[in-house]
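K.L.:
below are the sequence and a predicted model; questions follow.
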Amino acid sequence: MPATSQVRRHDGAGRVAIAQRLINGSVKRSYEPVVELDWDREPESDRYFLPPRVLTLAGTDLWAGLSEERRIEVSRQELANILSVGIWFENLLNRTLLDRLMAADPASATTHYALTEMGDECRHMVMFGRAIEWSGARPFRMRWWERAVMTMLPSALRGSLLWVAALVGEEIFDALQREMVDDPELQPLVARLMQIHVAEEARHIGFARDGIMRRTPTRGRWETVVAANGHALAGVLFRRLFTNPAMYTRAGLDGRAAARVARANPHFHEVQIRGFASLAAFLEDAGLMSRLSRYGWRRGGFLP
């Protein structure tokens, strides 16, 4: 048997074993946000919806001039913005996985775990939507051209690029949530939301990372080039999403001016770097961080 065929057979068996382990983990540790979170508990007026240290304006002169009440309102709008973005990306991942499953083996453990993951993501989208409503904010909606791009993306996300996109949409949020979840200034419901999301996303991240590493010995040059360069614009995109002018406007600030302050904020830049550090190291190890993608992430403020 050729060496490449042996690698693929071994890889397939290993992938199935990982999928089965993750399915078992999902049985033991999954959550139903509709009943897990105390939706009847009103937001506490003196607590933040995101910790002050991770807010995009923290540490700036603009932030220093805000009242405590206005700062909490900024945190409410930033939470609504981040949860809205989370819904968009989990929607994209589900539609991409569903498209792939049209040609997949319906009896395979990898198919069953993909379906399990989609179930998790559906519950997360419900949880995020309800949290926006609970906070008293309104969701942020995509513009028509953003919806058009998101509609076309599932057809483009194939092979290693799919798993890179999944990690980009999950790991940055996950890293920041891990450092926020125990903050004493955080609204209790938001802290619990993050605990649930971190616990379930750990399985999704593990599945995506495993998918990338198992393809490494056999992926072709073209797949490597596409996957290593396909995320080059993500850093710039994420910076714009995280500093959406509309959320500052809703908080009673000059939206455009506040966005400029946030994008030039060294403190926010440090938050971005911390959030991306683990993923950046993984992509480097996997050979999927090109000169172009490094430039894009650096332009976005996610690399020093």
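P.N.:
Here it is on my side, so go on. The structure displayed is predicted, hence computed values, not measured ones.

K.L.:
pull out the buried positions in stretch 98-113.
P.N.:
With burial defined by 16 or more other Cβ atoms under 10 Å, the residues of stretch 98-113 counted as buried are 101, 109, 110, 111, 112, 113. Every residue, glycine included, has its C-beta placed from N, CA and C.

K.L.:
which of these sits closest to residue 245?
P.N.:
Among the buried residues of stretch 98-113, residue 101 lies closest to residue 245 (Cβ to Cβ), at 38.0 Å.

K.L.:
residue 112 is in contact with that closest one, correct?
P.N.:
No. Contact criterion Cβ atoms under 8 Å: residue 101 and residue 112 do not qualify, at 10.3 Å.

K.L.:
quick one: contacts for the closest residue to residue 190 other than its chain neighbours?
P.N.:
Of all residues not flanking residue 190 in the chain, residue 49 sits nearest, at 5.9 Å (Cβ to Cβ, 6 or more residues apart in numbering). Taking Cβ atoms under 8 Å, 6 or more residues apart in numbering, we find residue 49 in contact with 43, 72, 75, 76, 78, 79, 135, 186, 187, 190.

K.L.:
redo that, cut-off 6 Å
P.N.:
Applying Cβ atoms under 6 Å, 6 or more residues apart in numbering to residue 49 gives the contacts 75, 76, 79, 135, 187, 190.

K.L.:
need the residues you listed in a markdown table (columns: secondary structure, distance to residue 15 and pLDDT).
P.N.:
Below are the contacts of residue 49 laid out as a markdown table (DSSP: H, G, I helix; E, B strand; the rest coil; distance: Cβ to Cβ, whole Å; pLDDT from 0 to 100):
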| residue | secondary structure | distance to residue 15 | pLDDT |
| --- | --- | --- | --- |
| 75 | helix | 41 | 98 |
| 76 | helix | 42 | 98 |
| 79 | helix | 36 | 98 |
| 135 | helix | 39 | 98 |
| 187 | coil | 39 | 97 |
| 190 | helix | 35 | 97 |
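
K.L.:
element containing residue 43, please.
P.N.:
Of the helices and strands defined by DSSP states H and E, none includes residue 43.

K.L.:
ok, now which ones touch it?
P.N.:
Taking Cβ under 6 Å, 6+ apart, we find residue 43 in contact with residue 187.

K.L.:
kindly provide the distance from it to residue 36.
P.N.:
17 Å (Cβ to Cβ, to the nearest Å).

K.L.:
rewinding a little: what is the most widely separated pair among the buried residues of stretch 98-113?
P.N.:
Spatially, the most separated pair among these is 101 and 109, at 13.2 Å (Cβ to Cβ).

K.L.:
any chance you could map the helices in the stretch 51-200 of the chain?
P.N.:
Applying DSSP state H, counting those that start in this stretch to the stretch 51-200 of the chain gives helices spanning 61-64, 68-101, 109-135, 144-156, 159-180, 188-215.

K.L.:
pull out the buried positions in the third one.
P.N.:
It stands for helix 109-135. 109-114, 116-118, 120-121, 123-125, 127-128, 130-132, 134-135.

K.L.:
quick one, it and helix 188-215 angle?
P.N.:
160 degrees (axes from the mean of the first three to the mean of the last three Cα atoms, to 10 degrees).

K.L.:
which strands and helices lie in contact with helix 109-135?
P.N.:
Applying 3 or more Cβ pairs under 6 Å, 6 or more residues apart in numbering; DSSP states H and E, one finds that helix 109-135 makes contact with helix 3-28, helix 68-101, helix 188-215.

K.L.:
can I get these in TSV including distance to residue 174?
P.N.:
As requested, the helices and strands packed on helix 109-135 are exported to TSV (distance: least, Cβ to Cβ, whole Å):
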stretch	distance to residue 174
helix 3-28	16
helix 68-101	11
helix 188-215	5
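
K.L.:
between these, which one is closest to residue 226.
P.N.:
Using Cβ to Cβ, the nearest of the helices and strands packed on helix 109-135 to residue 226 is helix 188-215, at 12.2 Å.

K.L.:
now that closest one: buried residues?
P.N.:
The neighbour-count check on helix 188-215 (16+ other Cβ under 10 Å) flags 189-198, 200-205, 207-215 as buried.

K.L.:
cool, and stretch 158-174?
P.N.:
Going by neighbour count (16+ other Cβ under 10 Å), the buried part of stretch 158-174 is 159-174.

K.L.:
just send the contacts of residue 49 back as CSV, with distance to residue 287 too.
P.N.:
Output for these, formatted as CSV (distance: Cβ to Cβ, whole Å):
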residue, distance to residue 287
75, 39
76, 41
79, 36
135, 41
187, 41
190, 37
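
K.L.:
shaky segments in the chain?
P.N.:
1-11 (pLDDT under 70).

K.L.:
how about 90 then?
P.N.:
Along the chain, segments meeting pLDDT under 90 span 1-14, 28-29, 146, 149, 179-182, 217-218.

K.L.:
that older thread, next, format the buried residues of stretch 98-113 as CSV and append distance to residue 270.
P.N.:
Formatted as CSV, those follow (distance: Cβ to Cβ, whole Å):
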residue, distance to residue 270
101, 40
109, 41
110, 38
111, 41
112, 41
113, 36
